[in-house]
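Asks: any chance you can model this:
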Amino acid sequence: STIRVWSSGDHVRTLIGHTRDVNALSIGTQGKLYSGSRDTTIRVWSTADGTHLSTLEGHTNLVLSLAVGLDGTVYSGSWDNTVRVWAGDDGRPLRTLQGHTDAV
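Replies: Now for the predicted structure:
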């Protein structure tokens, strides 16, 4: 439920906020780190100081995978068999891709 941030082998900070295990991390554009968790959420953190910026909600089961496109768009895969697409600038949901028959 925590994320440890390291730099050159030294522990810099611990990010606390998820209520269950963290399964996925992705570095995004604009100095953002995204974390996906068994608590079904994606948290957005500042890479500069570790500040929690926002929480993306929409999945109905644990988040397994995260990717950030070159344009900053965020993609999340889940045990709810969906891929969700989020705007990188403000986290608004853009679409839900359905059709998978198992976790993504």
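
Asks: quick one: residue 104 and residue 65 touch, right?
Replies: Yes. Using C-beta atoms under 8 Å, residue 104 is in contact with residue 65, at 6.4 Å. No exception for glycine: its C-beta is placed from N, CA and C like everyone else's.

Asks: does residue 59 lie in a helix or a strand, and which?
Replies: Assigned by DSSP states H and E, residue 59 falls within no helix or strand.

Asks: contacting residues for it?
Replies: 40, 41, 42, 76, 78, 80, 82, 84 (C-beta atoms under 8 Å, 6 or more residues apart in numbering).

Asks: about what we covered before: now do the shared contacts for residue 104 and residue 65.
Replies: Common neighbours of residue 104 and residue 65 (C-beta under 8 Å, 6+ apart) are residue 77.

Asks: list the contacts of residue 76.
Replies: Residues in contact with residue 76 (C-beta under 8 Å, 6+ apart) are 24, 36, 42, 56, 59, 63, 65, 66, 83, 84, 86.

Asks: apply 10 Å and report the result again.
Replies: Residues near residue 76 by C-beta atoms under 10 Å, 6 or more residues apart in numbering: 24, 26, 34, 36, 41-42, 56, 58-59, 63-67, 82-86, 104.

Asks: that one pairs with what?
Replies: Beta-bridge pairing for residue 76 (DSSP bridges): residue 66, residue 84.

Asks: tell me the pLDDT of it.
Replies: Note for residue 76: predicted pLDDT of 98.

Asks: what of residue 101?
Replies: 85.

Asks: pull the number of nearby residues for the spatially closest residue to it that is not a sequence neighbour.
Replies: Counting by C-beta to C-beta, 6 or more residues apart in numbering, residue 101 lies nearest to residue 81, which is 6.7 Å off, once chain neighbours are set aside. Residue 81: 16 surrounding residues under other C-beta atoms under 10 Å.
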